[in-house]
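1. This is the structure alone, sequence omitted:
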Ligand code: NAD
Ligand code: MG
């Protein structure tokens, strides 16, 4: 283990091997396997007794969030696509190992009906709902707008934007004062890459939607914030999220000279979910390796 205090070398900072998977990809097949906190995240009771739903909870940032929420004392339901069942089973193991209830709810967020079912199932099986961590997302790189397919544009918006509205709408009858909603934008909302036209636009939409929602829900005592990750080593990047040639040096152009690991996002989701963030709403929190989110 290298110097564990230096952020430049605290986590993997070598070149990444060229690799690709088909969507949605599996965490277990990444080389190297990302650090989602399985052995590195330690909790301190910050979410004791809370009930949380995490979308995209099987892998990457969602997985790190689900594991951290459980280590902080929350019962956790995760949503993911059926193809990701093996990754999801591992997360279930870590949640239960933390002594918490784990609920697995596979399904496609592009379906409005499924979003309603997801909220109902999570509420019934967790016996409550206090935290929505909306982390699922789709990203496909395409450097030439003339090759951008309408199918891809639609699916990117249907995956990244619509489910936030649908899940929150369905959850309103359950969320009480003190509840926390956390969406996931991106550095792409603030510094968009030319090869991520549709994806960057969805992330800009999420930023704006989060602000509007926070303003609407403040009077009900419900806080709404968003997290803006920079380059993080997750399946999203090797299923077409990055042009292949970007994989080896992924993240190295950032001030901290490496990609982040999913576990490095977890403390921010935990803080925003916790009662300690009682005066924090309508904000975007960057975890970017140094790029500015304003
Ligand atoms: P990931 O591949 O581990 O997670 C994305 C998850 O989205 C998948 O695990 C899958 O379960 C879920 N998903 C995709 N389509 C779905 C659908 N139709 N129905 C249900 N679930 C679906 O990758 P990640 O990087 O951890 O992504 C998590 C979030 O972080 C995404 O919103 C992504 O846009 C955002 N983000 C990632 C990075 C990065 O560099 N990795 C940077 C900025 C923002
Ligand atoms: Mg996944």
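-> Structure's in. What do you need? Note that the coordinates shown come from a computational prediction; the quantities given were computed from them, not determined experimentally. Ligands and ions are numbered 1, 2, ... in the order given.

2. Excluding covalently adjacent residues, which one is nearest to the closest residue to ligand 2 within the stretch 51-200 of the chain?
-> Closest approach between the stretch 51-200 of the chain and ligand 2, counting by C-beta to the ion: residue 59, at 3.2 Å. Every C-beta, even on glycine, is put in place using the N, C-alpha and C of the backbone. Excluding its sequence neighbours, the residue lying closest to residue 59 (C-beta to C-beta, 6 or more residues apart in numbering) is residue 27, at 3.8 Å.

3. Give me the phi and psi for that neighbour.
-> Phi and psi for residue 27, reported as degrees, to the nearest 10, are phi -60, psi -40.

4. now do residue 53
-> Per degrees, to the nearest 10, the backbone of residue 53 is at phi -110, psi 130.

5. If it is in a bridge, with which residues?
-> Listed by DSSP bridges, the beta-bridge partners for residue 53 are residue 77, residue 132.

6. I figured the residue of the stretch 51-200 of the chain closest to ligand 2 hits residue 86, correct?
-> No: at 10.2 Å, residue 59 does not count as touching residue 86 under the criterion of C-beta atoms under 8 Å.

7. So if I had to pick from the two, which one is more boxed in?
-> Neighbour totals were compared for residue 59 and residue 86, and residue 59 leads with 28 against 12 (other C-beta atoms under 10 Å).

8. by contact count, what packs against the longest helix along the chain?
-> Ranked by residue count, the top helix of the chain under DSSP state H comes out as helix 197-217. With contacts taken as 3 or more C-beta pairs under 8 Å, 6 or more residues apart in numbering; DSSP states H and E, helix 197-217 sits against helix 150-160, helix 162-171, strand 180-184, strand 223-229.

9. Counting by contacts, list what the third one packs against.
-> Read that as strand 180-184. Judged by 3+ C-beta pairs under 8 Å, 6+ apart, the packing partners of strand 180-184 are strand 131-134, helix 197-217, strand 223-229, helix 266-273.

10. before we move on, what about the first one?
-> Based on contacts counted as 3+ C-beta pairs under 8 Å, 6+ apart, the elements that helix 150-160 packs against are helix 197-217.

11. Model confidence at whichever residue of the stretch 151-294 of the chain sits closest to ligand 2, what's the number?
-> For the stretch 151-294 of the chain and ligand 2, the shortest gap (C-beta to the ion) falls at residue 235, measuring 5.1 Å. On pLDDT, residue 235 comes in at 98.

12. tell me the contacts of the closest residue to it other than its chain neighbours?
-> Of all residues not flanking residue 235 in the chain, residue 25 sits nearest, at 3.2 Å (C-beta to C-beta, 6+ apart). When contacts are counted by C-beta atoms under 8 Å, 6 or more residues apart in numbering, residue 25 is found next to 59, 235, 236, 238, 239.

13. what about the third one, which SS state?
-> Secondary structure for residue 236, judged by DSSP: H, G, I helix; E, B strand; the rest coil, is helix.

14. From residue 252, how far out is it?
-> Using C-beta to C-beta, to the nearest Å, one gets 18 Å for the distance from residue 236 to residue 252.

15. who's more crowded, the two?
-> Neighbours per residue, other C-beta under 10 Å: of residue 236 and residue 252, the larger number sits with residue 236, 22 against 16.

16. That one reaches residue 136, doesn't it?
-> No: at 10.2 Å, residue 236 and residue 136 do not qualify as touching, with contact defined as C-beta under 8 Å.

17. which SSE is residue 108 in?
-> In this structure, residue 108 is located outside every helix and strand according to DSSP states H and E.

18. my guess is it contacts residue 81, does it?
-> Yes: at 6.4 Å, residue 108 and residue 81 qualify as touching, with contact defined as C-beta under 8 Å.

19. Which residue of the two possesses the greater neighbour count?
-> Neighbour count, other C-beta under 10 Å: between residue 108 and residue 81, residue 81 has more, with 18 against 14.

20. That's all I had, so thanks and see you.
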